[in-house]
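S.K.: here you go, sequence then predicted model.
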Amino acid sequence: MNLKAEFATVITAIALVFCTAAIADLVEGPVELLERKSDEVIKILKQQHVQIETDPTLIYRIVDEHIVPHLDDVTMAKLALGKNWRKADNEQKIEFVDQFRTLLIRTYGKSLQEFSDQTIKFYPLKVDDSVKKVIVKSDVLQSGGPKIPVSYRMRLKGNAWKVYDINIDGVSLVTSYRGTFAQEMRKGGMTGLLKMLHEKNSKVNVEPESTGTQTSNASQAAS
């Protein structure tokens, strides 16, 4: 290698190091992300309390806009379906991810409707640049009641941390669905499971453009 080529290689290596460091600096930490979004959603709930009481379906749009983008819904769907994921064809996988996302919107929506004076305490977490998966621990504090431990399993996907499971007082949100889904699969296969989810989710109204974008992501993952 001549001197000029060697110099160019060194410069390229230095540039890559700085570029990687810059990208790392741009990635919001998992704890910071959860704290920011929790504060944001709590603020919206307080500001729109009257509107939500008048139109309870508004809660679904809040979840879809402020929570769903930070979920790794494809991974969550795979974990919830377990070994039965392999029994579904690509079209069924796409539909299942879409329906499971809507099921999560229903679940979050019901939880937020019951939210009143609770506060959330997140515990600090040191994340090394090489770490791609973390568990963020928190406690839901409620006046006159015991604290509820909640932990979030998150992974770095692209340049953002995404939640792929939530453990509430020792119970995994994602795997808690697995038994029900397995039972439906035994009764009616993937077709029966999807029919059941459609019926459960029929009352949830979310913005079509958001759902369309998420379904596109599911399509890429399932293919």
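M.R.: Thanks, I have it. Residues are numbered from 1 along each chain as shown.

S.K.: looking at this, Arg36 is in a strand?
M.R.: No - applying DSSP: H, G, I helix; E, B strand; the rest coil, one finds Arg36 to be helix, outside a strand.

S.K.: check what pLDDT it gets.
M.R.: Per-residue confidence for Arg36 comes out at a pLDDT of 96.

S.K.: ok, Gly145 next?
M.R.: Note on Gly145: pLDDT of 83.

S.K.: quick one: Gly145 is in a helix?
M.R.: No - under three-state DSSP, Gly145 falls outside any helix and is assigned coil.

S.K.: what is the neighbour count of it?
M.R.: Gly145 has 9 neighbours, counted by other Cβ atoms under 10 Å. (C-beta placed from N, C-alpha, C; glycine too.)

S.K.: which residues does the spatially most central residue of the chain bridge with?
M.R.: Of all residues in the chain, the one closest to the mean position by Cα atoms, centre = their mean is Leu71, 1.5 Å from it. Per DSSP bridges, the residues bridged to Leu71 are Val163.

S.K.: so it sits right up against Leu104, yeah?
M.R.: Yes - applying Cβ atoms under 8 Å, one finds Leu71 in contact with Leu104, separated by 6.8 Å.

S.K.: give the contact list for Met196.
M.R.: When contacts are counted by Cβ atoms under 8 Å, 6 or more residues apart in numbering, Met196 touches Glu184, Gly188.

S.K.: how about Ile42?
M.R.: Phe115, Ile120.

S.K.: that one and Met76, how far apart?
M.R.: As judged by Cβ to Cβ, to the nearest Å, Ile42 and Met76 stand 23 Å apart.

S.K.: now do Arg186
M.R.: Counting by Cβ to Cβ - Arg186 and Met76 are separated by 22 Å.

S.K.: more neighbours: which of the two?
M.R.: Between Arg186 and Met76, counted using other Cβ under 10 Å, Met76 has the larger neighbour count: 24 against 11.

S.K.: and the more buried one, which helix or strand is it part of?
M.R.: helix 73-81 (DSSP states H and E).

S.K.: starting at the chain centroid, how far to the next helix or strand after that helix?
M.R.: As assigned by DSSP H and E, the chain's next helix or strand after helix 73-81 is helix 90-113. Relative to its chain's centre, helix 90-113 lies at 11 Å (Cα atoms, centre = their mean, to the nearest Å).

S.K.: ok, now stretch 170-185?
M.R.: Centre to centre, stretch against its chain (Cα atoms, centre = their mean), the figure for stretch 170-185 is 17 Å.

S.K.: list the buried residues of that stretch.
M.R.: By 16 or more other Cβ atoms under 10 Å, the buried positions in stretch 170-185 come out as Ser172, Leu173, Val174, Tyr177, Arg178, Phe181, Glu184, Met185.
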